[in-house]
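Asker: below is the structure, and that's it, no one-letter string:
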């Protein structure tokens, strides 16, 4: 694509040395191609902008010269710049999804289900010429969904289109491999310029308080309760220790990664900024720092909606997650949250990744209940006469009176526990058994880590 941009009608100078252009690579074969490709990767990594970042640390993993030549020829036969961003983006998104399906690689932890992302963006209802941030980008699913939403919802003028392309999105991603996938995904979807400013920073977003704030936060922070760092001890062995972030802007200090991200998200929001955040169940009920964070959220934000998610939608087994929606408010002596609306999309709902995957249509009832056009005009679908209703409101007082100010709220009956006729299909039962085993294993790992930390050194 850089090569195509260097030719008419674009004639853009992207700073690629003549020796390492695509044309030079395209003419070679055999061992000469392999050697030159390796040198080309090293040269491209020294460039600035998105292109340089994408190629930083890149290596040739294709061991056969004939296969490398075939791939080069296949790529060279396509005019990539003239292909629409929708087509390029869809191809790449499908590759990312296939990659996430390989559970052994662990790539699934960076891949949030696209139907869920689309529903979160729809509910947040972002406006043009506002900033959107994701402090744990992964492969950039939230940015792409927000880009599509803004493009499809509004008739954007030239100034707004320029803002959308180059000034709307900001993010962080700590893992080098995922960071590369993230930047490629952005560029193939026409976000940012190949030689322009890099919208995503490769760093730990939690390390320091934000230097700027943003209008919207859309994110699914990494699963796993503990933040840790790896170091080499005096014997030369690799060890891990819990990472505690001592930040003055945090309400509670600790190594719980999820609670740290929730506090960080509050810090990076502008006043009246809006957030939609995927969090695991422990954020909703954990005591100590968890209770402190929940109380502070109720006081300093309008935490208006919780979506309880079903199992079987994430590539990491055993995940029980939720989406919390809140709007940041200015300082006030009185708590901002008056009501918390809870949508139970978990009880008696079951998905599997292949046989019965989550679709955007499955979330339409939640979106209707959320009422993005005016969320202040909502109606419960639950009542004493309709105990099967999934959308229910709880007052601030009711939440505060719950043990540890818990948001872990259920009211629907699980039919499989009371009715043998409603037993799940074998594939669903198998997934649930695996999820329960994974959850138990995670609990044992946490216990072992705690016991190790208590040993005298």
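Answerer: Right, received. Where do you want to start? Because the structure is a prediction, the values reported are computed rather than measured. Numbers count the residues shown, from 1 in each chain.
Asker: please make it C-alpha for all contacts and neighbour counts, starting now.
Answerer: OK.
Asker: quick one, phi/psi of residue 282?
Answerer: Main-chain torsions, residue 282, degrees, to the nearest 10: phi -60, psi -30.
Asker: quick check: the gap between it and residue 336.
Answerer: To residue 336, residue 282 is 23 Å away according to C-alpha to C-alpha, to the nearest Å.
Asker: those two - which one has more neighbours?
Answerer: When residue 282 is set against residue 336 and neighbours are counted by other C-alpha atoms under 10 Å, the residue ahead is residue 336, at 21 against 17.
Asker: thinking the more buried one is in contact with residue 329, fair?
Answerer: Yes: Residue 336 is within contact range of residue 329, at 7.3 Å (criterion: C-alpha atoms under 8 Å).
Asker: quick check: neighbours shared by the two?
Answerer: 300-302 (C-alpha atoms under 8 Å, 6 or more residues apart in numbering).
Asker: in strands only, show me these.
Answerer: For the shared contacts of residue 336 and residue 329, membership in strands holds for 301-302, with DSSP state E as the criterion.
Asker: among the shared contacts of residue 336 and residue 329, find me the one that's closest to residue 153.
Answerer: Ranked by distance to residue 153 (C-alpha to C-alpha), these are led by residue 302 at 25.6 Å.
Asker: who's that closest one bridged to?
Answerer: Residue 302 has the following beta-bridge partners by DSSP bridges: residue 327.
Asker: okay, it: pLDDT?
Answerer: Residue 302 is assigned a pLDDT of 98 by the prediction.
Asker: what's the neighbour count on it?
Answerer: The number of residues near residue 302, taken as other C-alpha under 10 Å, comes to 21.
Asker: and for the one 5 residues further on?
Answerer: Using other C-alpha under 10 Å, residue 307 has 21 neighbouring residues.
Asker: hang on, it in a strand?
Answerer: Yes: note on residue 307: a strand contains this position according to DSSP: H, G, I helix; E, B strand; the rest coil.
Asker: right, and it touches residue 326 too?
Answerer: No: between residue 307 and residue 326 no contact is recorded; they are 11.9 Å apart, counting by C-alpha under 8 Å.
Asker: pLDDT on stretch 129-143, on average?
Answerer: 94.
Asker: hang on, residue 273 in a helix?
Answerer: No: the assignment for residue 273 is strand, going by three-state DSSP, so no helix is present there.
Asker: so what's the residue count around it?
Answerer: By the criterion of other C-alpha under 10 Å, residue 273 has 21 neighbours.
Asker: please apply the same query to residue 17.
Answerer: Neighbour count for residue 17, taken as other C-alpha under 10 Å: 11.
Asker: for residue 115, see how far away residue 76 is.
Answerer: The separation that residue 76 has from residue 115, given C-alpha to C-alpha, amounts to 34 Å.
Asker: the two - which one has more neighbours?
Answerer: Regarding residue 76 and residue 115, a neighbour count based on other C-alpha under 10 Å identifies residue 115 as having more, with 17 against 14.
Asker: just confirm that one is within a helix.
Answerer: Yes: under three-state DSSP, residue 115 falls within a helix.
Asker: got the contact list for it?
Answerer: With contact set as C-alpha under 8 Å, 6+ apart, residue 115 has these partners: 358-360, 363.
Asker: can you rerun that using 6 Å?
Answerer: 359-360 (C-alpha atoms under 6 Å, 6 or more residues apart in numbering).
Asker: what does residue 184 give?
Answerer: When contacts are counted by C-alpha under 6 Å, 6+ apart, residue 184 touches no other residue.
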